[in-house]
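Peer 1: predicted model and sequence follow; I will ask about them next.
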Amino acid sequence: MASTFGQLFRITTWGESHGGGVGVVVDGCPPRLKLTEADIQPDLDRRRPGQSKIVSPRQESDTVQILSGTFGGKTLGTPICLWVKNEDARPEAYAEMKTKFRPSHADFTYFAKYGIRNWQGGGRASARETVGRVAAGAIAKKILRECHGVEILAYVKQVQMLVADVNPARVKLKDIESNIVRCPDKTAAEKMIRLIEKMRRAGDTVGGIVEGIARGVPAGWGEPVFDKLEADLAKAMLSLPASKAFEIGSGFSGITLTGREHNDPFRARGGKVFTTTNFSGGIQGGISNGQTIFFRVAFKPVATVMHEQDTVDVQFRNTTLKGRGRHDPCVLPRAVPMVEAMTALVLVDHALRHKAQCG
């Protein structure tokens, strides 16, 4: 069940990059939730290609259709099927990849595993698969927002060596969406955009970091030992295309502190418990402590570059290959809604699990 994610709130994504379409089946959504395509489309618009000069120029409207699971604008509690048609597929751009493996792509590993692969745009390994995740994540975000008061945001924190100055406690959606790179630090955003444009002109790519936050998560969500909340978040983020690393709270920088410096002291006010610092990133012992959850995901430079590189063909003979087709010079602006979606899917699943176990 490699294409299925979640336990009580389960999603199964389907479709290939240059096939007829892509989509998702959502199972476990509570009934009577008001839901139409208008609730889902805005996040897909943020994910779609062709939205700015620093992303893939592929022209897809990514218009979503709800095929099942709703009636009269409300969910039925039955599986919800969402479909997005591929409108601008150009498989002919990948003809050379039929017999050659692209460096740092999944071409060789898929062939090694299955003995067959969809060489048209990478098939299931393409970031186009995330259409289904983002569509399902929009539903999860709506449940979290309306039923639990949870707000989920993500933004570009770093592009290569350019680091934004952002306070996770104060960042707002309007600031994130104020520029095409989705960085709420305007000064850093301008520099990031220039760098990405430079990489595109050079036929190269660049990576960076997306920071994700979840505000209003109540204390108690998550499970001990193997299903820790941060462990499920890590799995969710590292399942995204091009992701290479995950850290939560103080992350790797926490090793520079002593235990006294790193501990988050508890205090109480008005019958509520809070911590005066948040090095834990809102999770302790795998369970949310009521503070803001924040984490970072590192994304590698996009593997397709417009330069000739060494590779092998399907007969394992040495050869070369130059990148073709339409690709992002930097995945980060479009990764922002993907990170939000996966965060929402993890949290809504744990919210339902908590309710089932603890009432």
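Peer 2: Structure received.

Peer 1: you'd agree residue 345 is up against residue 136?
Peer 2: Yes. Taking contacts as C-beta atoms under 8 Å, residue 345 lies within contact range of residue 136: 6.4 Å. Using the backbone N, CA and C atoms, a C-beta is placed for each residue, glycine as well.

Peer 1: residues shared between the contacts of these two?
Peer 2: Residues touching both residue 345 and residue 136 by C-beta atoms under 8 Å, 6 or more residues apart in numbering: residue 11.

Peer 1: more neighbours: which of those two?
Peer 2: residue 136 (31 against 26; other C-beta atoms under 10 Å).

Peer 1: distance of that one relative to residue 353?
Peer 2: 17 Å (C-beta to C-beta, to the nearest Å).

Peer 1: ok, residue 293 next?
Peer 2: In this view, residue 293 and residue 353 are 16 Å apart by C-beta to C-beta.

Peer 1: with residue 230 instead?
Peer 2: Distance, residue 230 to residue 353, by C-beta to C-beta: 15 Å.

Peer 1: now the helix or strand harbouring residue 109: buried residues?
Peer 2: Assigned by DSSP states H and E, residue 109 belongs to helix 107-114. By neighbour count on 16 or more other C-beta atoms under 10 Å, the buried set for helix 107-114 is 107-108, 110.

Peer 1: quick revisit: so which of residue 293 and residue 353 has more stuff around it?
Peer 2: Using other C-beta under 10 Å as the criterion, residue 293 and residue 353 rank with residue 293 on top: 30 against 18.

Peer 1: could you identify the longest helix within the protein?
Peer 2: helix 332-358 (DSSP state H).

Peer 1: centre of the chain to the helix holding residue 109, how far?
Peer 2: The chain centre lies 24 Å from the centre of helix 107-114; the measure is C-alpha atoms, centre = their mean, to the nearest Å.

Peer 1: then it to CSV, C-alphas only?
Peer 2: Written as CSV, here are the backbone C-alpha positions of helix 107-114 (Å, rounded to 0.1, in the frame of the first residue of the first chain):
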residue,chain,number,x,y,z
ASP,A,107,14.4,6.1,-13.4
PHE,A,108,17.1,3.5,-12.5
THR,A,109,15.7,2.6,-9.0
TYR,A,110,12.1,2.1,-10.3
PHE,A,111,13.5,-0.1,-13.1
ALA,A,112,15.7,-2.0,-10.6
LYS,A,113,12.6,-2.7,-8.5
TYR,A,114,9.8,-3.4,-11.0
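
Peer 1: so what touches that helix?
Peer 2: 97, 101, 117, 119, 122-123, 125, 312, 314.

Peer 1: please redo it, this time with the cut-off set to 10 Å
Peer 2: Contact with helix 107-114 is made by 94, 97, 100-102, 106, 116-119, 122-125, 303, 311-312, 314, 316, 321, as judged by C-beta atoms under 10 Å, 6 or more residues apart in numbering.

Peer 1: I'd say residue 212 and residue 155 touch.
Peer 2: Yes. Counting by C-beta atoms under 10 Å, residue 155 is a contact partner of residue 212 at 8.4 Å.

Peer 1: I figured residue 282 hits residue 250, correct?
Peer 2: No. Counting by C-beta under 10 Å, residue 282 does not reach residue 250; the two are 11.8 Å apart.

Peer 1: any idea how many residues pack against residue 246?
Peer 2: Count around residue 246 with other C-beta under 10 Å applied: 20.

Peer 1: doesn't it fall inside a strand?
Peer 2: Yes. With DSSP: H, G, I helix; E, B strand; the rest coil as the criterion, residue 246 is located in a strand.

Peer 1: can you tell me who it pairs with across the strands?
Peer 2: Residue 246 forms beta bridges with residue 297, as assigned by DSSP bridges.

Peer 1: now do the contacts for it.
Peer 2: Counting by C-beta under 10 Å, 6+ apart, residue 246 has contacts 212, 230-231, 233-238, 240, 295-298.

Peer 1: cool, and residue 311?
Peer 2: Residue 311 makes contact with 97, 100-105, 107-108, 318-321 under the criterion C-beta under 10 Å, 6+ apart.

Peer 1: cool, and residue 172?
Peer 2: 151, 153, 155, 178, 184.

Peer 1: most neighbours out of those, which is it?
Peer 2: Result: residue 155 is most packed of the contacts of residue 172 (other C-beta under 10 Å), 29 neighbours.

Peer 1: phi, psi for it please.
Peer 2: Taking degrees, to the nearest 10, you get phi -160, psi 160 for the backbone angles of residue 155.

Peer 1: distance of it from residue 36?
Peer 2: Using C-beta to C-beta, residue 155 is found at 27 Å from residue 36.

Peer 1: helices of this protein, start to end?
Peer 2: According to DSSP H, the helices that the chain contains are 37-47, 107-114, 130-148, 173-176, 186-201, 229-238, 259-262, 332-358.

Peer 1: so which of these gets nearest residue 165?
Peer 2: Proximity to residue 165 (C-beta to C-beta) singles out helix 186-201 among these, at 6.9 Å.
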